[in-house]
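Asks: I'd like to go over a predicted model; first the sequence, then the structure.
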Amino acid sequence: MERSYLVSGDVTTDRHLVTNEEIESHPYFTQFLAKFGLKWIAAVGLSPDSHIDVAISVQGATSRGPFSDRELEVLGALGAHAERSLRLSVRIFDQQLARATLQQALERLNIGVFALDSNCRVLFSNSAAEGMMGDGIAVLNRKLVLRPMNEDVGALDNAVRSLATDKRAPKPIMVRGPNPGRLLACYVLPSLKGPTQPFIGSRVFVLLVDSRPGDRPDPAILRDLLDLTLGEARVAAVVGLGMSPREAAAKLGLTEETVRTALKRVFSKAGVSSQSELTALLTRLILR
Amino acid sequence: METLFITAIEAIYAAATDPAAWATALQAIADCFADVGAILVYSKDDGSFGAIESVSLVPLMAEYRLAWGHRDIRAIRAQERGLFIAKDAITDADVLSAAEMDTDPVYTELLPRFGLKYFAGVSVSPDPHIAAAISVQRRADKPPYSASELELLTRLGRHAERALRLSVELLDAQLSNDGMREALSRLGIGVFALDSLGRVVFSNPAAERVEGDGLAVLGERLQLGSAGASAALASSLQLSLGQAHQVPDPKPLLIPRNFPKRPLTVYLLPVSGCATPAQEFLTQVRVIVLVMDPEPGAPPDPAVVRDVLGLTLGEAKVAALIGSGLPPREAAAKLGLTEETVRTALKRVFSKVGVSRQSELTALLTRLVLR
């Protein structure tokens, strides 16, 4: 390694590195390797990616004699194959790891995701999406079926088909959520640039967003984010869902006056001037 | 002979990451037999199908696609008789008799036109949903394929199948990632995936919009504009994958900036899930950084608001402005209407949408309407 012998593609063996005297006398050979009946080594350097260096080394028994040039050629050829294989592995593992984490991010946001093929068959769905299924959204025979509020049963198929021809994104499809009063907006995302891949075909993503406010933001987070006191943060959290000061007061066991005063301070610290602006701000700040 | 085989293997695996390279790989396969060319045909259980051919067979396939797909007796019989289930590699004799070969149009009209006759085929199905086969075509003056040639094709077929399987895995993950990054962009959330040194491995369009005085990518590395955030990022990067450090609810970090004034909100999500040490050394991504800009940016597109909330376009224009936090007087000024008109429209919007306050409308809009 000191002499940079194992740059990608290079093959090296004992005679490039040590003298015969060293082989016969150095403790590494006489005390360590000899204990295992080993003596000779041949190694090849590989680099599957600019950030990663790898070496594969073959250990030979004491009895086999030094590695010949021909054997080093073979090792070099094998090394090239190993490098190609590692390169593939790097790409696949990285993409799979990234995918798992991005999926987590979308889960935390409570955004439902369906990945469909061009026939609306479900290739993947996250648990947020599964939690949104009900009257409005179902999977039948592996196909995603939407029942829009406007009764246009062909809306999803039309949206998917339009991706091939229209530049603009299709309209969102509104469906009923699993609970009364809950509305879901289904966005069919335009296919990404690039030709249709052979074997995989095209992929369509459907995003599902929920009208329901979801859980109240954690007041501790708001306090830190906006430099509020915990009390102000509690008020901000509740009003941030769209509640009126009176409802907020009832919920928090405070007087309406107290809530309004706290709100004024929150507005000032957060740099907003209406409850509406505060709501807009909070929704953009918090991962649900 | 051995060199041709190795060349074919290398070409096959090169196609695993680059489907465009299959044409070359198919020629390399055909070269192992000193034959004209080869074709990869595939069909999926969703009804889609296709074929990729080596350059030498382009004229044949042009003709084939025009008029022969549904009357290729070889493909039809191979399918019907489940030939690929019983045998690894098949050839003409497995599909039809010598007498049939003398009269079937594929052998009397199509193939002779291109100087071809015998074929050998091998199944290369990469997964249960995809049926694929590679067939090699030889010049008309060559004898039928021998048993040892079929064995060689079987060996090549195994590699092709493995390469296809890798392709599918890789493309599948890539497409998912692209889709999710795009989805997060539409939600206004920037994504940066970082390696253990903080270098950006990938990002999305929303991330690029967020770069400025609070956050920047310098020399490939993500720099966060606050000491606290930088320290948190550094410690996130230190965490090894092996540890079970699932952070159930990562705390957001604030990155102050000068313009716009509101700080950026940043969430650090360490990746987890590498089962083996090998996977750990082979992967780059260590932390995914989500960035949210609290600045509202432009109000939502009224057309989308109209579609999402079921309003008229006029009502949607009012709803879009009010829903982004504007008071009615300012909304009126922006739209060139009187405040009275705006308030009336707003009442109708509230009624249609089922809310009773501006902040409720805002909560709904900010959640439901994607950029």
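Replies: Alright, I've got the coordinates.

Asks: Would you mind finding the longest helix in chain B?
Replies: Counting residues, the longest helix in chain B under DSSP state H turns out to be helix B:147-186.

Asks: Now do the buried residues in that helix.
Replies: Going by neighbour count (16 or more other Cβ atoms under 10 Å in any protein chain shown), the buried part of helix B:147-186 is B:149-150, B:152-153, B:155-157, B:159-161, B:163-186. All C-beta atoms are positioned from the backbone trio N, CA, C, and that covers glycine.

Asks: How about that helix and chain A, touching?
Replies: Yes. Against chain A, helix B:147-186 shows contacts by Cβ under 8 Å from any Cβ of the partner chain at B:164, B:166-184, B:186.

Asks: Quick one: mean pLDDT for that helix?
Replies: Averaged over helix B:147-186, pLDDT sits at 90.

Asks: Mind listing the strands the next helix-or-strand element following that helix pairs with, and their directions?
Replies: Later in the chain than helix B:147-186, the nearest helix or strand by DSSP states H and E is strand B:189-194. Strand B:189-194 has its sheet partners listed here by DSSP bridges as strand B:200-203 (antiparallel), strand B:287-292 (antiparallel).

Asks: Just give me how far strand B:189-194 sits from the chain centre.
Replies: Chain-centre distance of strand B:189-194: 18 Å, with Cα atoms, centre = their mean, to the nearest Å.

Asks: Buried residues in that strand, which are they?
Replies: Buried residues in strand B:189-194 (16+ other Cβ under 10 Å): B:189, B:190, B:191, B:192, B:193, B:194.

Asks: Can you give the contact residues for stretch A:154-170?
Replies: Here stretch A:154-170 makes contact (Cβ atoms under 8 Å, 6 or more residues apart in numbering or on different chains) with A:116, A:118, A:120, A:144-146, A:148, A:171, A:173, A:186-191, A:202, A:204, A:206.

Asks: And it, what's buried?
Replies: Result for stretch A:154-170 [16+ other Cβ under 10 Å]: buried residues A:155, A:156, A:159, A:160, A:162, A:163, A:169, A:170.

Asks: go on, stretch A:222-240?
Replies: Quick answer for stretch A:222-240 (16+ other Cβ under 10 Å): A:222-223, A:225-226, A:228, A:232-240.

Asks: With stretch A:19-37 instead?
Replies: So for stretch A:19-37, counting by 16+ other Cβ under 10 Å, buried means A:23, A:29, A:33.

Asks: of all those residues, which comes closest to residue B:117?
Replies: residue A:33 (59.9 Å; Cβ to Cβ).

Asks: I'd say that closest one and residue A:26 touch.
Replies: No. Under the criterion of Cβ atoms under 8 Å, residue A:33 is not in contact with residue A:26, lying 9.7 Å apart.

Asks: Is residue B:13 located within a strand, as I assumed?
Replies: No. Assessed with DSSP: H, G, I helix; E, B strand; the rest coil, residue B:13 is helix; it does not lie in a strand.

Asks: measure it to chain A for me?
Replies: 6 Å (Cβ to the nearest Cβ, to the nearest Å).

Asks: Might you report the residue contacts of that residue?
Replies: Here residue B:13 is in contact with A:84, A:85, A:88, B:159, B:163, B:166 (criterion: Cβ under 8 Å, 6+ apart).

Asks: Ok, residue B:140 next?
Replies: B:111, B:112, B:115, B:116, B:117.

Asks: Mind doing that once more with 6 Å?
Replies: B:115, B:116, B:117 (Cβ atoms under 6 Å, 6 or more residues apart in numbering or on different chains).

Asks: Please, which helix or strand holds the closest residue to it other than its chain neighbours?
Replies: Nearest residue to residue B:140, sequence neighbours excluded (Cβ to Cβ, 6 or more residues apart in numbering or on different chains): residue B:117, at 4.2 Å. If you go by DSSP H and E, residue B:117 is part of strand B:116-123.

Asks: Contacts for that strand next, please.
Replies: B:84, B:89-92, B:111, B:133-138, B:140, B:144-145, B:150, B:153-154, B:157.

Asks: now for the helix or strand hosting residue A:268, which elements pack on it?
Replies: Per DSSP H and E, residue A:268 falls inside helix A:256-270. When contacts are defined as 3 or more Cβ pairs under 6 Å, 6 or more residues apart in numbering or on different chains; DSSP states H and E, helix A:256-270 sits against helix A:230-239, helix A:245-252.

Asks: need the contact list for residue 136.
Replies: By default, I'm working from chain A. Counting by Cβ under 6 Å, 6+ apart, the residues that residue A:136 touches are A:147, A:175, A:176.

Asks: Chain B was what I was after
Replies: In this structure, residue B:136 makes contact with B:30, B:35, B:38, B:120, judged by Cβ under 6 Å, 6+ apart.

Asks: So which of these is the closest to chain A?
Replies: residue B:38 (15.2 Å; Cβ to the nearest Cβ).

Asks: For the stretch 101-250 of chain A, give me the ranges with low pLDDT.
Replies: For the stretch 101-250 of chain A, the stretches flagged by pLDDT under 70 are A:191-198, A:201, A:213-215.

Asks: I meant to write chain B there.
Replies: B:1, B:239-249, B:273-275, B:296-297, B:371.

Asks: State which strand of it is the longest.
Replies: Ranked by residue count and defined by DSSP state E, the top strand of chain B is strand B:130-139.

Asks: Dump the contacts of residue B:140 to a markdown table, plus neighbour count.
Replies: A markdown table is the format used below for the contacts of residue B:140 (neighbours: other Cβ atoms under 10 Å in any protein chain shown):
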| residue | neighbour count |
| --- | --- |
| B:115 | 13 |
| B:116 | 20 |
| B:117 | 18 |
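
Asks: Next one: the residue lying closest to residue A:175 once chain neighbours are set aside relative to residue A:161, how far apart?
Replies: Leaving out its chain neighbours, the residue that sits closest to residue A:175 by Cβ to Cβ, 6+ apart is residue A:136, at 3.1 Å. Noted for residue A:136: a distance of 21 Å to residue A:161, by Cβ to Cβ, to the nearest Å.

Asks: Let me see the ranges of the strands in the chain.
Replies: With no chain named, the answer covers chain A. Along chain A, the segments classed as strands by DSSP E run A:11-13, A:38-49, A:52-61, A:112-116, A:122-125, A:137-140, A:143-146, A:173-176, A:183-189, A:204-210.

Asks: my question was about chain B
Replies: Assigned strands in chain B, in chain order: B:37-44, B:49-53, B:89-91, B:116-123, B:130-139, B:189-194, B:200-203, B:215-218, B:221-224, B:253-255, B:264-270, B:287-292 (criterion: DSSP E).

Asks: Can you add distance to residue A:51 and give the ones you listed back as TSV?
Replies: Formatted as TSV, these follow (distance: least, Cβ to Cβ, whole Å):
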stretch	distance to residue A:51
strand B:37-44	34
strand B:49-53	33
strand B:89-91	42
strand B:116-123	38
strand B:130-139	33
strand B:189-194	13
strand B:200-203	10
strand B:215-218	17
strand B:221-224	13
strand B:253-255	27
strand B:264-270	19
strand B:287-292	16
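
Asks: which residues in the stretch 51-200 of chain A form helices?
Replies: Assigned helices in the stretch 51-200 of chain A, in chain order: A:69-108, A:127-131, A:155-165 (criterion: DSSP state H, counting those that start in this stretch).

Asks: Looking at these, which one is packed in the most?
Replies: helix A:69-108 (a mean of 18; mean count of other Cβ atoms under 10 Å in any protein chain shown).

Asks: ok, residue A:260 - contacts?
Replies: For residue A:260, the contacting residues are residue A:245, by Cβ under 6 Å, 6+ apart.

Asks: number of nearby residues for residue 144?
Replies: Using chain A. 23 (other Cβ atoms under 10 Å in any protein chain shown).

Asks: actually it's chain B I care about, not the one you picked
Replies: 13.
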